[in-house]
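Engineer: Predicted model follows, preceded by the sequence.
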Amino acid sequence: MRAKNFTYEKSGVSIKKADNFIKFISSSTKKSKKSGDFKNIGGFGALTKLPGKLKNPYLVTSTDGVGTKIEVSNQLNKFDTIGIDLVAMCVNDLIVQGAKPLLFLDYISVEKINTKKLKNIIKGIIKGCKLAGCELVGGETAEMPGTYSKGKFDIAGFSLGIVEKDKILVNKIKENDLVLAVPSSGLHSNGFSLVRHILKKRRINIKKNSFLKKELLQPTKIYVKYLLELINKKYLSACANITGGGLEDNIKRIIPNKFCAEIDLEKVRTLNIFKWLKNMGISDKEMLKTFNCGVGFCLIIKPHNIKKVIKFFPKKYKPYLIGKITKNMKKVKLSGKISW
């Protein structure tokens with residue numbers, strides 16, 4: 001049998017394109033004090049110095065993706081914000097524990113390397129890391145022909161943070177603490193399968209809808225900067241990242257036994273994108289279970305700290321009161337209705 005000239009390139013994988021992409025990432029990320037004299041991008045593993053002057057440090061880890069929001073990116077051919085979402089979904093979980101994000105790694109899997117698309121994704125990740133005050137130290141780009149259909153991709157992230165033991169936000173909630181809502185920037189990265197289902201059933205072309213084009217790819221807000229200041233001043237009893245599952249399911253995760261977060265939904269200030277979704281025929285119950293409904297983060301604080309806490313946030317993201325902590329066996333009680 002005649003020998004055939006089989007190559008990895010002919011199977012659909014381009015090592016050369018992957019190498020050039022790594023060079024682009026390396027040139028786009030600057031060596032920081034955290035990595036010392038070592039260059040992390042392109043190596044087998046990343047090296048990072050632990051911050052000094054920590055008496056009793058704990059490491060905190062988080063990993064996440066952005067779900068089917070990537071399908072909207074593909075549909076609109078816009079990829080410069082999805083990387084911000086990826087970082088946000090990880091670091092916003094770290095800060096719930098009181099941890100300062102130190103480093104971030106990404107995983108991108110694609111059907112075929114499209115350098116322009118990947119560069120835009122990485123630019124978003126780098127911007128997200130800058131907003132979170134952490135370092136992109138490495139990752140993986142996997143070209144997987146036959147696994148994804150043409151043009152499809154997926155992304156995932158991993159983040160590492162550090163916190164002093166006395167600043168860990170665990171078991172600090174007390175009766176009569178207040179629950180504040182920090183506004184979201186929009187949908188963040190949750191509920192997009194339902195959103196896309198509605199778009200399909202309603203036959204809505206988002207390319208021709210300027211409102212949806214803007215709102216659906218609004219990047220997830222990164223809250224790290226503001227919350228770190230509050231944690232350092234010990235103004236927080238606890239906080240919750242409002243992601244999939246909405247207000248009730250996410251607040252429930254931080255409430256100790258025998259305590260309850262009583263939330264008045266009438267105080268929630270929702271956003272236009274959620275009003276639009278509600279008008280598409282989604283029940284109140286489904287809205288609250290699937291989306292953040294305008295509340296991106298919840299803070300639990302002592303009543304005397306409310307003015308101190310609010311001043312740390314810019315106007316668009318000023319926290320406001322939506323509830324309080326009481327003694328009750330049920331961890332979350334929702335009352336009233338959101339005004340859509």
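Structural biologist: Looks like it came in fine.

Engineer: need the next SSE after the lengthiest helix in the chain, C-terminal direction.
Structural biologist: Ranked by number of residues, the top helix in the chain under DSSP state H is helix 115-132. Note on helix 115-132: by DSSP states H and E, the next helix or strand toward the C-terminus is strand 135-143.

Engineer: what angle do the helix or strand following that next one and strand 135-143 make?
Structural biologist: The C-terminal neighbour of strand 135-143 among helices and strands, as given by DSSP H and E, is strand 153-164. For strand 153-164 against strand 135-143, the angle by axes from the mean of the first three to the mean of the last three CA atoms, to 10 degrees is 160 degrees.

Engineer: quick revisit: what's the longest helix of the chain packed up against?
Structural biologist: Contact here means 3 or more CB pairs under 8 Å, 6 or more residues apart in numbering; DSSP states H and E; on that basis helix 115-132 packs against helix 15-28, helix 82-96, strand 100-110, strand 135-143, strand 153-164, helix 224-232. In this view, the C-beta of every residue, glycine as well, is placed from N, C-alpha and C.

Engineer: hey, C-alpha coordinates of the helix or strand hosting E286 in PDB?
Structural biologist: According to DSSP H and E, E286 maps onto helix 284-290. Output of helix 284-290 as PDB, limited to C-alpha atoms (Å, rounded to 0.1, in the frame of the first residue of the first chain):
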ATOM      1  CA  ASP A 284     -42.600  36.100  38.100                       C
ATOM      2  CA  LYS A 285     -41.500  32.800  39.600                       C
ATOM      3  CA  GLU A 286     -39.500  31.900  36.600                       C
ATOM      4  CA  MET A 287     -37.900  35.300  36.300                       C
ATOM      5  CA  LEU A 288     -36.700  35.200  40.000                       C
ATOM      6  CA  LYS A 289     -35.500  31.600  39.600                       C
ATOM      7  CA  THR A 290     -33.500  32.200  36.400                       C
END
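
Engineer: Outside of it itself, list whatever touches it.
Structural biologist: Contacts of helix 284-290 with the rest of the structure, by CB atoms under 8 Å, 6 or more residues apart in numbering, involve 190-191, 194, 244-249, 265, 274, 277-278, 282, 293, 334, 337-338.

Engineer: Mind checking which of these land in strands?
Structural biologist: The strands, defined by DSSP state E, take in L334 from the contacts of helix 284-290.

Engineer: I'd guessed I251 sits against A240; true?
Structural biologist: Yes. Between I251 and A240 there is a contact under CB atoms under 8 Å: 5.0 Å.

Engineer: intersection of neighbour lists for those two?
Structural biologist: Here I251 and A240 share the contacting residues C298, scored by CB under 8 Å, 6+ apart.

Engineer: which stretches of the chain have low pLDDT?
Structural biologist: Residues of the chain meeting the criterion pLDDT under 70: 1-44.

Engineer: Can you give me every residue that contacts the spatially most central residue of it?
Structural biologist: Ranked by distance to the mean C-alpha position of the chain (CA atoms, centre = their mean), the top residue is M89 at 1.8 Å. Shown in contact with M89 (CB under 8 Å, 6+ apart): 64-66, 157, 188-189, 220, 243.

Engineer: which among these gets closest to P145?
Structural biologist: Within the contacts of M89, proximity to P145 (CB to CB) peaks at G65, which comes in at 21.2 Å.

Engineer: Kindly indicate whether L59 is helix, strand or coil.
Structural biologist: strand (DSSP: H, G, I helix; E, B strand; the rest coil).

Engineer: Let me see the contact set for the nearest residue to it once chain neighbours are set aside.
Structural biologist: Spatial nearest neighbour of L59, excluding adjacent residues (CB to CB, 6 or more residues apart in numbering): I162 at 5.9 Å. Counting by CB under 8 Å, 6+ apart, I162 touches 50-51, 54, 57-60, 99-100, 102.
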